[in-house]
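[1] For reference, the sequence and a predicted model appear below.
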Amino acid sequence: MIEDTKNIIESLLFVSDTPLTVDHLKKLLPFAETKEIREVLLALSEEYETRKGGFFLREVAGGYQIRTRPEYTKWIKRLIRPNPFRVSKAALETLAIIAYKQPIIRSDIEQIRGVDCGGILRMLLERKLIRVLGRKEIPGRPLIYATTKQFLEIFDLKDLKDLPTPEEIEALGNST
């Protein structure tokens, strides 16, 4: 039965356009135990690493996803020609503030940036890079913002702990 479970999980990972969590896989496979699902994910990951093929299993955004190896990006781009992920410098600054300071309200973001960011927040919401957590219990009840799972996927982060530290960012800036 474990081989069937492995093949089923591999098929689900292959067709899913978003990372699948262990809990989601458990709901899809009620006959499989959580421990068995984790073992299968580990076995698949090891298989792909041993094989060194065109893809690998990556833990990202709280789940697991089959991803192509970065060294084949130029070939894949020739086939699918994706629209590049582009955001303005202002949007990237705003997104970084939200990522590092979340949960955060608009006035705090604007205080850090020194400019109005209403339009940028709308664009980031439309692109599903940030989300509204609720309203802060202060006068005016402003919206509270945080990043989304899609943010983690796009930036290839397992979770927010994988964000570079300010020291790592400064070291990168000094090396160029």
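    Okay, I see it.

[2] Can you tell me what sits against the host helix or strand of residue 172?
    According to DSSP states H and E, residue 172 maps onto helix 166-175. Outside helix 166-175, the residues that touch it by Cβ atoms under 8 Å, 6 or more residues apart in numbering are residue 164. Where you see a C-beta, it was placed from the backbone N, CA and C, and this is true even at glycine.

[3] Stretch 30-43 too?
    Residues contacting stretch 30-43 (Cβ under 8 Å, 6+ apart): 1-2, 5-6, 9, 22, 25-26, 29, 57, 64.

[4] could you redo the last one with a cut-off of 7 Å?
    Outside of stretch 30-43, the residues within contact range by Cβ atoms under 7 Å, 6 or more residues apart in numbering are 2, 5-6, 9, 22, 25-26, 29, 57, 64.

[5] buried sites along the longest helix along the chain?
    When the chain is parsed with DSSP state H, its longest helix is helix 34-51. The neighbour-count check on helix 34-51 (16 or more other Cβ atoms under 10 Å) flags 36-37, 40-41, 44, 48 as buried.

[6] Same question for stretch 72-87.
    In stretch 72-87, the ones that count as buried by 16+ other Cβ under 10 Å are residue 87.

[7] Give me the domain ranges for the chain.
    If you go by automatic domain parsing, the domain ranges for the chain are 2-79, 89-175.

[8] Output those as JSON lines; include the columns mean pLDDT.
    Shown next, in JSON lines, are the domains of the chain (pLDDT from 0 to 100):
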{"stretch": "domain 2-79", "mean pLDDT": "92"}
{"stretch": "domain 89-175", "mean pLDDT": "91"}
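
[9] Using the three-state scheme, assign the most far-flung residue of the chain relative to its centre.
    The centre of the chain is farthest from one residue, residue 139, which by Cα atoms, centre = their mean lies 33.1 Å away. Put simply, residue 139 is coil when judged by DSSP: H, G, I helix; E, B strand; the rest coil.

[10] Where do the helices of this protein begin and end?
    According to DSSP H, the helices that the chain contains are 2-15, 22-28, 34-51, 73-80, 89-101, 106-113, 118-126, 149-154, 166-175.

[11] Nearest approach to residue 132 belongs to which of those helices?
    Closest approach to residue 132 among these is made by helix 118-126 (7.3 Å; Cβ to Cβ).

[12] Now do that closest one: everything it contacts.
    In contact with helix 118-126 (Cβ under 7 Å, 6+ apart) are residues 90-91, 94-95, 106, 130, 145.

[13] Next, the buried residues of stretch 143-157.
    By 16+ other Cβ under 10 Å, the buried positions in stretch 143-157 come out as 144-149, 151-155, 157.
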